[in-house]
Structures are given as C-alpha cells and as structure tokens.
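Q: please find the sequence and the predicted model below.
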Amino acid sequence: MTKKIGDVILDVNNISLRFGGVKALTDISFNVRAGEIFGVAGVAGNGQNALLLALSGEATNADPASVTVDGVAVGHMQACARRGHGMGSVPEERNGHAAVPIFTLADNAVLTARDRLGMVRAGLIDAKAARTYAGEVIEAFSVKATGPGAMAESLSGGNLQKYIMGREILQKPQVLVVSQPTWGVDAGAAAAIHQALVDLAATGSAIVVISQDLDELLSLCDTMAVINGG
C-alpha cells in the first residue's frame, strides 16, 4: 500500500538561534508534509536540543514566519500558543523538562493537554478529565504504573518515556516534534512507539523525529536530514 503524503503542514524558514552569544542554529530550513515522518540525524551536541526548543516554542523568533503550522505563522509564539495551533512536542530530557517528577501522571497530563482536551473549565482543573486521559495513556502504551495518581518519579525511565510519548501522541497533534523517542525503553516498547508514530502520520499529522539512532531513523522516516554544527 502506497503511503499518502499531503500538503506541507510544518514550514521552517531560516531559523537561527543564539544562547549567551553562542550561535546554536544557523539558517535552518525544511518542511514536513501531512503524513510524512521527517528525521533529523547527527552526532550529539550539534544543535539538536536547540532545534527542539525552536520548533516547540520554548525559544521564539522575532520573525513569525520562521515557523508556520498549517499556514499559520507561529515563530514568535511561545509553546502554549503553538500547542493551540496544533503542535505537540517531546524533549529529550524526561525528568524536569518533559515531566515534573513530583507531579502525578494525571497532573503531568494537564501540563500539555489542558487546552486541547478541555481539562480546564472556568479557570479550574477538571481532575476527572485529567485522570481519565492519564488512564487512557497508561493503557494504550502499556505503562507500568499504579494508576493516574502515581508520581512521575515513581516510574522507571522507560515507563515514563512511554507515558510522555503517549501523552502527546493520543492528543493527535497536527505537528509532533520528538527528540530521542525511544531512549531507555526495551525493544518491544520501542516498536510500539514507532508504530504509534506511523499510525499518527497515517491520520495526516506531520512528524519530526530527532534521533542519534540512525537505524531508528532509517526504519521509521520518509525523509531525512543531517544537522552538523547547528
């Protein structure tokens, strides 16, 4: 069966980024189409983390058109606003970045799914909705945890990674950017995460996978690029 690739959903135009006067990214441009999985390969320390920050909105750009999602210029928007336009992201660091260790899994679900899945009503968190969604993620991704009330720090690294990936994938974002999606998980869990990404792409999402595992990228991605020296 031929994979269906659609129109451009994510368009990245000449992103440059500095941290403390040091240039982390230089004129990065690419696009990702609906249904496409775009891989970014490279040796660690060549700008992968900066690229994730620039795409997710944790680092913004003065030029709104530096990043567009389905035609909407979001380059100047922060992460929460970009999520409102259909973007999801999973950073490389699990504890303290992708998840708050001393929060429950349900609370960690609220951090990224609150608006997209309506977990906040009249300024108050809908705890039942958060627990329900966390439970769905736990079940769908076979996360070994005592339940939605388990603290994130109580999970093994591999199970927390499965939960974080599931939390983003089940929201069905138009664009998903993930860094090192299968670090710390066993072969079976890695295969399940890969299949979930393929299934998400099949619904029309545009996916960016940043990974140091070349075999992972070759088996998963439709298109690949290499980042070197930013």
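A: It's in.
Q: the strands in the chain, which residues?
A: Counting by DSSP state E, the segments of the chain that form strands are 8-19, 22-33, 37-41, 67-69, 72-73, 87-90, 120-121, 124-125, 175-179, 206-210, 223-226.
Q: and residue 139, what is it in contact with?
A: Contact criterion CB atoms under 8 Å, 6 or more residues apart in numbering gives no residues in contact with residue 139. Bear in mind the C-beta positions are built from the backbone N, C-alpha and C, glycine included.
Q: repeat that for residue 208.
A: By CB under 8 Å, 6+ apart, residue 208 lies in contact with 10, 32, 38-40, 55, 175-178.
Q: the same query, at a cut-off of 6 Å, please.
A: Going by CB atoms under 6 Å, 6 or more residues apart in numbering, residue 208 touches 38, 177.
Q: give me the beta-bridge partners of it?
A: residue 38, residue 177 (DSSP bridges).
Q: mind checking pLDDT for it?
A: The model reports residue 208 with a pLDDT of 98.
Q: repeat for residue 95
A: Here the pLDDT value assigned to residue 95 is 87.
Q: residue 21 and residue 76, how far apart?
A: 21 Å (CB to CB, to the nearest Å).
Q: sorry, slip of the keys, the one I care about is residue 154.
A: With distances taken as CB to CB, residue 154 is found 38 Å from residue 76.
Q: do the same with residue 26
A: For residue 26, the distance to residue 76 equals 19 Å [CB to CB].
Q: more neighbours, residue 21 and residue 76?
A: Taking neighbours as other CB atoms under 10 Å, residue 21 and residue 76 compare with residue 76 leading, 15 against 5.
Q: now that one. Nearest residue, chain neighbours left out?
A: Leaving aside its sequence neighbours, residue 76 sits nearest to residue 64 (CB to CB, 6 or more residues apart in numbering; 4.4 Å).
Q: how about the residue nearest to residue 160 when sequence neighbours are not counted, phi and psi?
A: Sequence neighbours aside, residue 94 is the residue nearest to residue 160 in space, at 5.2 Å (criterion: CB to CB, 6+ apart). Residue 94 has phi and psi values of phi -80, psi -60 when expressed as degrees, to the nearest 10.
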